[in-house]
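Colleague: Mind looking at a prediction? Sequence and model below.
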Amino acid sequence: MNYSDAEKYLFGKRRMGMKFGLDRVRRLMKDAGNPQEKFRTVHIVGTNGKGSTTALLSEILRHLGYRTGRITSPHLFHYRERTAVNNKWIPEEEVVRFVEMFRERIEEYSATFFEITTVMSAWHFMNSGVDLVVAEAGLGGRLDATRLLGGSCTVFTGVEIEHRRILGSTEALITAEKVAIAPPGSALIAYRQKPEVEKIIALAATEGNLNRIVPESASSAPMPGEHQKRNAGLAIAAALQVTGNDEVPVTRAFEKACSTLKWAGRIDLRSGTPSILFDVAHNPGSISFLIEHLKSGWQTPVPAVIGFLEDKYWREMTLQLKGIFNPVITTTPLNERSLPAETLAAEFRKNGIEAIPEDNIGMALAKGRSRASDILVVTGSFFVVGDAMQQAWEKGWITMPVEGEEAGQLFDQVTNVDSSLRSSV
C-alpha cells in the first residue's frame, strides 16, 4: 500500500456518514495501545473560532518548549494537515503504517472517518513523544471521538445554532452537548455568555466540579478581526492553566506565536491583481465577522465567489450579505452535500444582488477576478476556499507566504494535492 491508496481508503469511510457512540473509538484506541494515556490534552469546543484557537494555543505551547500535538478539522488542502506535531504534518509513511496495522480492526468495528483520524492522531502523538495535545472537537463534545483523549482543560469558544438534528434546537442544548466533553475536576475556560448559555455552563461547572476560568480578551492577535482577540484571550488563558507558568513567559510565547503562526483561509488577504481575501465563513456568526472586517477596510459592496454545503444556514447568510457583496459568483463545492450554484444564485437574486452561477470553482474564480478592481472575496465552505486558493496559486494570481518552515511545508503541498482526492472530501 502506498500513501495514495491509504488516503483513498480513509476518504472512502466518509461515505459511512456519522455514527453516534464512543464504543468504536474506545476499542480502536485500546488496539492502538491507549495512546491517549501518554499525554495531556486541551479540548477546544464551540461553534466558531475552534480552529484558530487551536492553532494559536498550539503555537504558544511550542514556543514555551512543549512538544505539542494538534488535531484540527476539516482540512483546507491536505488530509495530513489534521494531525501535526510542532506544526509538522503526520508523515505519509505513518498514515500508511497505521492503515496497514489497524485496517482489520477498522473494518470489524465499522469505525468512521473521524474516529479513525482521531485514533491515528493519538497514535502518532504517542510515537512522537508529545507533551501536550490541543484537540479541536468535531461537531459536539459529549459523543465526539476526541472525548476519548481525556483532557485537563476545555476551552469553550462560544455557541450559535448549528446541526440542530444532532446537537439540539437551542443554544442552551448545544452548549450542554459541547461542554460535556470536560472531564470532572478539570478546568473550563469560557467568556461570560448570554444568560441561557451561562446558566448551562454554571450548572456544568457545579455538577462536574470544574474550575471555571473567565479570560480577558487579548489586546492583539495574529489574525485580523476583533473576534480573533477573543480567541487569543482564550488561548493565553489555556496556556497559563495547562502549563502552570506565570504571565511573563506565556506573554513572550504569545508574542512569538503572533509572528510565526500561519493559518490559511481565515480572513486571509493574498496579494495579486486584484488581491483576494479568502475566508472560510460558513455560518451566520462567521459571516458577521467577515462583514465587520470588510466594512473596516473596504467600501462595500465588493465582488465575491461563494459556495455552501446544503446543510448550512445559507438563506440567512444571503440576507446578511445584502449590501456587502455585489456581484456574487456562486459555485458548487466538491462535496456530496454541496448546495447547487444555481440554487444559491436564485436566493441572492431574491435579495436584489446580481448573482452568476458557475459550478466549476476555477471558472468561478476567473469570472470573479474579471469583475473585481482592487479586491475579490472568496468565502463559504472549506471545500470552496481551499480549492480556490490552490487554483489561484497555481495560476499565479496570488502570492503565498514563505516565512517559516511550517509555512513552507504547507504551501509546498498545495501544488501537490491530487484533485481527485480533494473532490471526495
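Modeller: That came through fine.
Colleague: Who are the packing partners of the helix or strand where Gly12 lies?
Modeller: Gly12 is part of helix 3-12, with elements assigned from DSSP states H and E. Judged by 3 or more Cβ pairs under 8 Å, 6 or more residues apart in numbering; DSSP states H and E, the packing partners of helix 3-12 are helix 92-109, helix 113-128, helix 419-422. Every residue, glycine included, has its C-beta placed from N, CA and C.
Colleague: downstream neighbour of the second one in the secondary structure list?
Modeller: Same thing as helix 113-128. Scanning forward in sequence from helix 113-128 by DSSP H and E, the next helix or strand is strand 132-136.
Colleague: Let me see the domain layout of this structure.
Modeller: 3-260, 268-400 (automatic domain parsing).
Colleague: can you give me the angle the helix holding Gly12 makes with helix 113-128?
Modeller: 130 degrees (axes from the mean of the first three to the mean of the last three Cα atoms, to 10 degrees).
Colleague: possible to save the domains of the chain as JSON lines with mean neighbour count and mean pLDDT?
Modeller: Formatted as JSON lines, the domains of the chain follow (neighbours: other Cβ atoms under 10 Å; pLDDT from 0 to 100):
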{"stretch": "domain 3-260", "mean neighbour count": "20", "mean pLDDT": "92"}
{"stretch": "domain 268-400", "mean neighbour count": "20", "mean pLDDT": "94"}
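Colleague: Which one of the helices and strands packed on helix 3-12 lies nearest to Leu28?
Modeller: Nearest of the helices and strands packed on helix 3-12 to Leu28, taken as Cβ to Cβ: helix 113-128 at 4.7 Å.
Colleague: what is the orientation angle of the closest one with helix 92-109?
Modeller: Relative orientation of helix 113-128 and helix 92-109, computed by the same axes, to 10 degrees: 130 degrees.
Colleague: Alpha carbons of helix 113-128, in PDB - could you do that?
Modeller: What follows is helix 113-128, C-alpha atoms only, in PDB (Å, rounded to 0.1, in the frame of the first residue of the first chain):
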ATOM      1  CA  PHE A 113     -13.600   8.600   9.100                       C
ATOM      2  CA  PHE A 114     -13.400  11.000  12.000                       C
ATOM      3  CA  GLU A 115     -12.900   8.200  14.600                       C
ATOM      4  CA  ILE A 116     -10.100   6.600  12.500                       C
ATOM      5  CA  THR A 117      -8.400  10.000  12.200                       C
ATOM      6  CA  THR A 118      -8.700  10.700  15.900                       C
ATOM      7  CA  VAL A 119      -7.100   7.400  16.900                       C
ATOM      8  CA  MET A 120      -4.400   7.800  14.200                       C
ATOM      9  CA  SER A 121      -3.600  11.200  15.600                       C
ATOM     10  CA  ALA A 122      -3.300   9.900  19.200                       C
ATOM     11  CA  TRP A 123      -1.200   7.000  18.000                       C
ATOM     12  CA  HIS A 124       1.100   9.400  16.100                       C
ATOM     13  CA  PHE A 125       1.400  11.700  19.100                       C
ATOM     14  CA  MET A 126       2.400   8.700  21.300                       C
ATOM     15  CA  ASN A 127       5.000   7.600  18.900                       C
ATOM     16  CA  SER A 128       6.300  11.200  18.600                       C
END
